[in-house]
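Novice: Need the 3D shape of this:
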Amino acid sequence: GKAGDDTLRAVSSTDSLFGLGQIDTMVGGSGADVFVLSSAARCFYDDNNTTSNGESDYALLTDFDPSIDQIQLAGPLSQYRLAASPFTDRPGTGIYLDKPAAEPDELIAVIAGVSGLSMASSAFTTAPIVAGGLVGEYFNGYWNDDLSFFEQAPVIRRRVDASLNFEDSAVSWNLGSTPLADLETFSARWRGYLSVPVDGDYTFYLSSDDASYLFLDSAALAPSLANATIANGGLHPTIERSVTLSLRQGLHDVLAVFGENYINNTMFLSWSSVAAGIDKQIIPASALFHDPVRSEEHTSELQSRQYL
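Specialist: Sure thing, here's the model as predicted:
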């Protein structure tokens, strides 16, 4: 960090390894700094190795002032505990992620030279997210099952979509007076988080005309056609494909993409779960979340485009 209030992030929120195998040093500055150790959906530096306590990958926080600085973790904060640093040459406080049963708790970070902290203090905060849907980005042209299209093409419209429940009508897609209004050749990408209410099996249903793909968890951060959770690609009339997964309670990264190449355009994302008591239904806005940063980008986009 430098002089002033800084946000320090050693692991990118789109890094599918989440800090695995890394020991990163994060240096604070003279202002009120935020040390980011998580995305909204997951804590970084958790190797998910059930036999080790994670001392080979963690963040080393230096120049941390608990009176003004904060550490951002994936909530709830009750799933973490504090203990003395396990390293004699790096004294301070260790942040551990509680693990179930006999599995060793996972070291996430060492706060160098600091002791006497409490997880209930203002020094710890959770990653902010916004309820009510996924961030949708709309593009002119058909992506043709090439994911690089979404990184290269300009975004024509960005907004928060409460659900992926689009019928073959201009009213349903609501693309207004944009170049996409004719609904003939366009593509879309949705990103955010899915909130799973209880541990258990969940069936996801992806229905579209034309191509669509769904990616969950690490696949959403480093997507390829090969690692798609559901692949419904190619030019075709409305087709529904499904998959059943065993998921843990909490937030899961989600990415969905879609493309329409003339004549008819539908896109539906549904789920069901016996464990959660969910009959087959469109995934509701109450189960979908997005980053506030993307909301701010959305606001800026609205202000800069007259047709939005």
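
Novice: Touching stretch 166-178 from outside, list them.
Specialist: Identification of contacts with stretch 166-178 by CB atoms under 8 Å, 6 or more residues apart in numbering yields 138, 156-157, 165, 181, 183, 186, 209, 264-268, 307-308. Quick note: C-beta positions are derived from backbone N, CA and C, even for glycine.

Novice: got the CA coordinates for that stretch in CSV?
Specialist: The C-alpha coordinates for stretch 166-178 follow below in CSV (Å, rounded to 0.1, in the frame of the first residue of the first chain):
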residue,chain,number,x,y,z
PHE,A,166,-36.3,-15.0,-21.3
GLU,A,167,-39.0,-15.9,-23.7
ASP,A,168,-39.1,-15.3,-27.4
SER,A,169,-40.3,-11.7,-27.2
ALA,A,170,-39.0,-8.2,-27.2
VAL,A,171,-40.9,-7.5,-24.0
SER,A,172,-39.1,-10.4,-22.2
TRP,A,173,-35.6,-9.4,-23.3
ASN,A,174,-36.3,-5.7,-22.9
LEU,A,175,-33.3,-4.5,-24.9
GLY,A,176,-35.0,-1.2,-25.7
SER,A,177,-33.6,0.9,-28.5
THR,A,178,-30.2,-0.7,-28.5
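
Novice: Can you give me the buried ones in that stretch?
Specialist: Within stretch 166-178, the residues scored as buried using 16 or more other CB atoms under 10 Å are 166, 173, 175.

Novice: If you count neighbours, what's buried in the helix or strand containing residue 35?
Specialist: Residue 35 belongs to strand 34-36 when assigned by DSSP states H and E. Going by neighbour count (16+ other CB under 10 Å), the buried part of strand 34-36 is 34-36.

Novice: between these, which is closest to residue 225?
Specialist: Nearest to residue 225 among the buried residues of strand 34-36 is residue 36, at 30.4 Å by CB to CB.

Novice: so what's that closest one up against?
Specialist: Listed by CB under 8 Å, 6+ apart, the contact set of residue 36 reads 7-11, 72, 127.

Novice: Report the buried members of these.
Specialist: By neighbour count, with 16+ other CB under 10 Å, those hold 8-11, 72, 127 as buried.

Novice: And the buried residues of stretch 166-178, which is closest to residue 229?
Specialist: The closest of those, once distances to residue 229 are taken by CB to CB, is residue 166, at 19.3 Å.

Novice: That closest one and residue 269: what is the separation?
Specialist: As for residue 166, its distance to residue 269 is 10 Å (criterion: CB to CB, to the nearest Å).

Novice: okay, now the spatially closest residue to residue 60 that is not a sequence neighbour: neighbour count?
Specialist: Of all residues not flanking residue 60 in the chain, residue 25 sits nearest, at 4.7 Å (CB to CB, 6 or more residues apart in numbering). The tally of other residues near residue 25 (other CB atoms under 10 Å) stands at 11.

Novice: what kind of secondary structure is residue 25 in?
Specialist: Classification of residue 25 using DSSP: H, G, I helix; E, B strand; the rest coil returns strand.

Novice: Distance check, it against residue 112.
Specialist: From residue 25 across to residue 112, the span is 9 Å (CB to CB).

Novice: Show me the common contact partners of those two, please.
Specialist: Joint contacts of residue 25 and residue 112 (CB under 8 Å, 6+ apart) are 60, 62.
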